[in-house]
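A.B. asks: I'll drop the sequence and a predicted model, then ask my questions.
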Amino acid sequence: MRIALVSSEVVGFAKTGGLADVVGALPPALESLGEEVIVFLPMYHCIRKTGNFESTNVRFQIPLGPKLVPGSLAKSKIPGSNVTVYLVENPDLFERDNPAYGRGFYQFAGSEGTKKDYPDNSARFYFFNQAVLASFPQLGFWPDVVHWNDWQSGLGPVLLREKYDKSEDRTLAEKYQKVRSLMTIHNIAYQGNFWKEDMNMAHLNWSLFNLNQLEFHDNLSFLKAGIVFSDRISTVSPTYAREIQTPYYGYGLQGLLTALASKLTGIVNGIDYKVWDPANDPLIAGKFDARNIQPGKALCKKALQHELGLQVDPNIPIVGLVARLVQQKGIDLVIESAWRMMDLGIQFVVLGEGDSYYQNALVQLQATYPGRVALNFAFSESMAHKIEAGSDCFLMPSLYEPSGLNQLYSMRYGTLPVVRATGGLADTVTDANAESLANNSATGFSFNAYSSAALYDCLYRAIDCYRNHPQDWAKIQRNAMTQDWSWNRSAKNYQQLYSTIISSQA
């Protein structure tokens, strides 16, 4: 099969979250299964600076409102693979990211310090979607399936069906008509909802602006557009696929997704076991695997305590947290229960940045418990690996978690996750109880209610197991470390879904 993945982020090029990890890892995994795969990504300033690309002869002009705006393609490779990444070039639209000035891929820091969306995001990503589709004839690459990802690529399926399928060049039209679309929702809370007059900017027929197609609360919704016009929809875990059909998790799109439930599939994200492998990780102090956890993991714990200025003591349980410090990640529950958690005699290590309210509360906690709380308010890939390897437990009390990656990293490193059973966390972590311990399926600790009391009770169970039931703890560690959450596993599920899309449209 020929597959084109379209994304606003790809790890190794541009990343703000898990979307980049998915689109950086899935294509090489598909390639290893024998599929022909390419990726499309905007050329951001951070990519331009690296010089890690080459030009192509692909040029195009995109109608953007009343103007024809030029663009081109450069190309590179996903690191460690032969998968080609085509970089959509237009400096005015895409090369504005500069962390030193508070400018990111989608947002900039206002004068008061709060982040604001670029006012032309709709035009930027409309151009990106058009560029992808306009490139196929010049590249000579006609995909069987275009795999669109999140709202930034949501207009692609609409443009494919409403513009390119209807090209005046009948030969081209017939080729486009054979192309199928898969839309993946990585986080339904981010929808790309814009002023309805952007219908004119995108040269979309106003007949499409209706309740059943592009209109959402009198806005043009990129995500809704992608959902409605794609042949199939996927999201990043089976539980999240069910959750987003409910008012609590659906962010207003639950009715649409319920109506389209027969088109909706949940596939759990994988992780790259070449990068996240405690037996070969160059970023950690000791090496270990499921057959021989100690002394390697103990060395990692000792090194983490020493580096972060914590008391070096193998018997004190370390609880780690690596996350954006926002409500979605359940940080409010952590803050509410933090003082009770500390009474369990733990050391607490945090890596992440986010809301100043949460950061200030954690600083206060650190001042109250000197030498027992370590805070890192800037993301570090190296420190993330050290926390995963050196901690005993890992907190993920998320309000919602479409898939989640850190619980998978944690299990791989024998760091038992303490999670709220939502989305991908529910699909990947099996709570340690009498039944799961007896049948060797326990891989962590989970709770259901979104409350600080439920989080505390769950962590209490984990710490009690760590201190008083070391044989059970070791058994859960081995179970967790031997799970297969590799991208090879996930890629086979996507491969099957692509095949279903193609065969159902034949």
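C.D. replies: Ah, there it is. Numbering: from 1, shown residues only.
A.B. asks: what about residue 330, neighbour count?
C.D. replies: By other CB atoms under 10 Å, 25 other residues sit near residue 330. For glycine as for every other residue, the C-beta is placed from the backbone atoms N, C-alpha and C.
A.B. asks: That one contacts residue 397, doesn't it?
C.D. replies: Yes: using CB atoms under 8 Å, residue 330 is in contact with residue 397, at 3.4 Å.
A.B. asks: Residue 467 and residue 482, how far apart?
C.D. replies: Noted for residue 467: a distance of 24 Å to residue 482, by CB to CB, to the nearest Å.
A.B. asks: quick one on the thing from earlier: overlap in contacts of residue 330 and residue 397?
C.D. replies: Applying CB atoms under 8 Å, 6 or more residues apart in numbering, one finds that residue 330 and residue 397 are jointly contacted by 420, 455.
A.B. asks: shaky segments in the stretch 1-150 of the chain?
C.D. replies: Applying pLDDT under 70 to the stretch 1-150 of the chain flags no residue at all.
A.B. asks: swap in the stretch 401-506 of the chain?
C.D. replies: Along the stretch 401-506 of the chain, the model assigns pLDDT under 70 to residues 505-506.
A.B. asks: ranges for the strands of it?
C.D. replies: Along the stretch 401-506 of the chain, counting by DSSP state E, counting those that start in this stretch, strands occupy 416-420, 445-447.
A.B. asks: in what helix or strand does residue 349 lie?
C.D. replies: Element membership of residue 349, judged by DSSP states H and E, is strand 347-351.
A.B. asks: Please name the strands paired to that strand in the sheet, noting orientation.
C.D. replies: Strand pairing for strand 347-351, using DSSP bridges, gives strand 318-322 (parallel), strand 373-376 (parallel).
A.B. asks: Pick the most buried one from those strands.
C.D. replies: Comparing the strands paired with strand 347-351 by mean neighbour count (mean count of other CB atoms under 10 Å), strand 318-322 comes out on top with a mean of 25.
A.B. asks: Just the angle for it relative to strand 416-420, thanks.
C.D. replies: Angle of strand 318-322 versus strand 416-420, following axes from the mean of the first three to the mean of the last three CA atoms, to 10 degrees, is 60 degrees.
A.B. asks: Could you pull out the buried residues of whichever helix or strand comes after strand 318-322?
C.D. replies: Sequence-wise, the next helix or strand downstream of strand 318-322 (DSSP H and E) is helix 331-342. By 16 or more other CB atoms under 10 Å, the buried positions in helix 331-342 come out as 331, 332, 333, 334, 335, 336, 337, 338, 341, 342.
A.B. asks: Also stretch 427-434?
C.D. replies: Applying a neighbour-count criterion of 16+ other CB under 10 Å, one finds 427, 428, 429, 430, 431, 432 buried in stretch 427-434.
A.B. asks: Looks like the fifth one contacts residue 446 (just checking).
C.D. replies: Yes: A contact is recorded between residue 431 and residue 446 when judged using CB under 8 Å, the distance being 4.2 Å.
A.B. asks: Mutual contacts of the two, please.
C.D. replies: residue 421.
A.B. asks: Residue 3 sits in which helix or strand?
C.D. replies: In the assignment (DSSP H and E), residue 3 maps to strand 2-6.
A.B. asks: and the helix or strand following that strand, what does it pack onto?
C.D. replies: Using DSSP H and E, the helix or strand that follows strand 2-6 in sequence is helix 18-32. Under the contact criterion of 3 or more CB pairs under 8 Å, 6 or more residues apart in numbering; DSSP states H and E, helix 18-32 touches strand 2-6, strand 36-42, strand 145-149, helix 487-504.
A.B. asks: now for the ones you listed, which one comes closest to residue 207?
C.D. replies: Residue 207 lies closest, by CB to CB, to one member of those: strand 145-149, at 22.4 Å.
A.B. asks: Mind giving me the packing neighbours of the helix or strand that that closest one is followed by?
C.D. replies: Downstream of strand 145-149, the next assigned helix or strand under DSSP H and E is helix 156-162. Packing partners of helix 156-162 (3+ CB pairs under 8 Å, 6+ apart): helix 121-139, strand 145-149, strand 180-185, helix 222-229.
A.B. asks: so can I have a markdown table of those showing distance to residue 354?
C.D. replies: Formatted as a markdown table, those follow (distance: least, CB to CB, whole Å):
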| stretch | distance to residue 354 |
| --- | --- |
| helix 121-139 | 21 |
| strand 145-149 | 23 |
| strand 180-185 | 22 |
| helix 222-229 | 23 |
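A.B. asks: Most tightly packed of the ones you listed?
C.D. replies: Counting by mean count of other CB under 10 Å, strand 145-149 has the highest mean neighbour count of the helices and strands packed on helix 156-162, with a mean of 27.
A.B. asks: and the angle for that strand with helix 18-32?
C.D. replies: 160 degrees.
A.B. asks: Strand 145-149 pairs with which strands, and in what direction?
C.D. replies: Partners of strand 145-149 in the sheet, by DSSP bridges, are strand 2-6 (parallel), strand 180-185 (parallel).
A.B. asks: what's it in contact with?
C.D. replies: Defining contact as CB under 8 Å, 6+ apart, one finds that strand 145-149 is touched by 1-8, 19, 22-23, 132, 154, 156-157, 160, 179-184, 186, 226, 230, 494, 498, 501-502.
A.B. asks: ok and that strand relative to helix 487-504, angle-wise?
C.D. replies: Strand 145-149 runs at 120 degrees relative to helix 487-504, counting by the same axes, to 10 degrees.
A.B. asks: now the angle between helix 222-229 and strand 145-149, please.
C.D. replies: Here strand 145-149 runs at an angle of 150 degrees relative to helix 222-229 (the same axes, to 10 degrees).
A.B. asks: on that earlier part again, now the buried residues of helix 331-342 in CSV, with pLDDT and distance to residue 378?
C.D. replies: Shown next, in CSV, are the buried residues of helix 331-342 (pLDDT from 0 to 100; distance: CB to CB, whole Å):
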residue, pLDDT, distance to residue 378
331, 97, 16
332, 97, 21
333, 98, 23
334, 97, 19
335, 97, 20
336, 97, 25
337, 97, 25
338, 96, 21
341, 97, 23
342, 98, 24
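A.B. asks: Switch these over to CSV; also include distance to residue 290.
C.D. replies: Shown next, in CSV, are these (distance: CB to CB, whole Å):
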residue, distance to residue 290
331, 31
332, 35
333, 31
334, 29
335, 34
336, 35
337, 31
338, 32
341, 28
342, 31
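A.B. asks: Widest-spaced pair of the residues you listed?
C.D. replies: Of all pairs in the buried residues of helix 331-342, the most separated under CB to CB is 332 and 342 at 16.9 Å.
A.B. asks: sorry, back to before: closest to residue 15 out of the helices and strands packed on helix 156-162?
C.D. replies: Closest to residue 15 of those is strand 145-149 (CB to CB; 13.3 Å).
A.B. asks: I'd guessed residue 331 sits against residue 356; true?
C.D. replies: No: using CB under 8 Å, residue 331 is not in contact with residue 356; the gap is 12.0 Å.
A.B. asks: which ones are touching the residue lying closest to residue 363 once chain neighbours are set aside?
C.D. replies: Distances taken as CB to CB, 6 or more residues apart in numbering put residue 375 closest to residue 363, at 6.8 Å, once the chain neighbours are dropped. Applying CB under 8 Å, 6+ apart to residue 375 gives the contacts 350, 359, 362, 363, 366.
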